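Engineer: Quick one, fold the following:
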Amino acid sequence: MEQTTRIELANQDDLVLVRAGIKNPEDVRQLTVKDALVDTGATGLCLPIPLIEQLGLIPLRKIQVKTANGIVERFVYSEVEYTVLERSDTIRATELSEGMPVLVGHIILKALDLCVDIKKGLIHNPAHDGEWMIKIL
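Structural biologist: Okay, here's the model as predicted:
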């Protein structure tokens with residue numbers, strides 16, 4: 001069963017400039033995706049190129065990634081702050097081709113202590129009674 005989630009994204013560089021008093025909060029490049037695909041086979045956060053451009057992310061390096069269609073090269077971009085189920089963290093984004101859905105991978109689920117429930121969709125980890133816990137060892 002396919003699970004989707006709402007994810008809020010913001011350009012991390014813009015947020016740093018806001019905290020430094022250099023940029024106004026209303027100038028932060030950000031967007032909300034209402035139907036990001038929760039893909040436990042994906043590693044991190046994968047964004048279609050038009051969304052990367054909208055967020056103003058900067059290409060950092062090319063990497064090889066294994067996809068269902070074989071190994072391909074993709075760019076990794078500067079950091080994004082993401083929020084899912086009212087929990088936030090940052091991650092570098094990997095590009096996807098235009099027309100592909102946003103992919104929320106297992107690193108995000110681990111970082112935010114979230115689980116996929118077949119009936120309920122994406123939920124806070126029930127083993128932690130709704131508390132946000134991260135295993136660091």
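
Engineer: Spell out which strands sit alongside the helix or strand of the chain with the lowest mean pLDDT in the sheet and which way each one runs.
Structural biologist: Within the chain, no helix or strand scores below strand 59-67, which has a mean of 88 by mean pLDDT, DSSP states H and E. Here strand 59-67 has these sheet partners by DSSP bridges: strand 70-84 (antiparallel).

Engineer: and the partner strand, what's its mean pLDDT?
Structural biologist: The pLDDT scores in strand 70-84 average 94.

Engineer: Which residues does that strand contact?
Structural biologist: Surrounding strand 70-84, the residues in contact under the criterion C-beta atoms under 8 Å, 6 or more residues apart in numbering are 5-13, 15, 45, 47, 52, 55, 57-65, 88-96, 104, 108, 112, 114, 122. Heads up, the C-betas are built off the backbone N, CA and C, glycines and all.

Engineer: Check stretch 14-27 too.
Structural biologist: Contacts of stretch 14-27 (C-beta under 8 Å, 6+ apart): Val28, Arg29, Gln30, Gly56, Glu81.
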